[in-house]
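> output the structure for:
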Amino acid sequence: MDQKNPADMTPDFTGPELCRLEAHEVVALLKKGEVSPRELLDAAFARIAEVEPVVNAMPTLCEERARAAAKKVAANRDGNGSEPGWLGGLPIGIKDLMPVKGVRTTFGTIAYKDFTPAESDPLVEKLEARGGIVVGKTNTPEMGAGANTFNAVFGTTRNPWNPALTCGGSSGGSAVALACGTATLDATFTPYSGTGALTRSSSQQVKCSGGGFNPGFTGGTFPYAYPSEVTAIFATPGTYHYTDPYVPESAGTLVVQ
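Presented below is the predicted three-dimensional model:
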């Protein structure tokens, strides 16, 4: 019996062409001036409107903030275009464990469902300084503690290939956003593992057919810090029980002493 080529079984991408491209391809177009940050945002938010009702990967959007940032990036298009890591208008998502100044940041927990930080995480600041434009916050298990992405604030994030299946975690929202083309890069962080990345190479990437990059370090510390308003939650003793109603076998317990 003839075996099918897996590439031939992949569904056609149905969103805007700009949302199909990989990050390095988009940056190359930006450097050539063949696409503008505004056009990228138009495509990203059109795609978000199309898929979010199904997958629930990026429940918090910041379109007004993003468009203001796009104008600044466009006005300074050649400002750092020759430097390594230049993003110059690339739409990015930020996992909802990382504060973004002026954008609702919940950490996936009811305790901070209405929290709006006054400052951004250092990694977010670095990405924005390079011209990355934050379009929204991607969903996470409560406090990042779980291998399936759901919480009491925003609910469950669905697998982009089959919404009846789990998307994995804890960066499930990030993986689904990338798979759907609603963000070209997504910055994630999990405090329990101490790793920061532009997407993470773990279970959610396998389940959503994505990939991740974890930066390597030979010494020192990763520049990660919560604003003072939220650091206390990591020091709160207690036992937290979680079960994804759609994935019963996910039941587990997190104990903070």
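
> surely residue 188 forms part of a strand?
Yes - checked against DSSP: H, G, I helix; E, B strand; the rest coil, residue 188 lies within a strand.

> these two touch, right, residue 119 and residue 100?
No - here residue 119 lies out of contact with residue 100, judged by C-beta atoms under 8 Å, at a distance of 9.3 Å. From N, CA and C alone the C-beta is placed, and that goes for glycine too.

> between those two, who's got more neighbours?
Counting neighbours by other C-beta atoms under 10 Å for residue 119 and for residue 100 shows that residue 100 has the greater number, 24 against 16.

> could you tell me which residues make contact with the more buried one?
With contact set as C-beta atoms under 8 Å, 6 or more residues apart in numbering, residue 100 has these partners: 62, 94, 117, 120-121, 124, 134, 137.

> which among those residues end up buried?
For the contacts of residue 100, a burial check counting by 16 or more other C-beta atoms under 10 Å picks out 62, 94, 117, 120-121, 124, 134, 137.

> which of those fall within strands?
94, 134, 137 (DSSP state E).

> can you pull the contacts of the first one?
Applying C-beta under 8 Å, 6+ apart, one finds that residue 94 lies in contact with 100, 121, 124, 134, 136-138, 186-187.

> and the furthest pair within those?
121 and 136 (15.1 Å; C-beta to C-beta).

> I figured residue 31 was touching residue 90, is that so?
No - at 11.1 Å, residue 31 does not count as touching residue 90 under the criterion of C-beta under 8 Å.

> the more surrounded of these two?
A direct count of neighbours by other C-beta under 10 Å for residue 31 and residue 90 places residue 90 higher, at 23 against 15.
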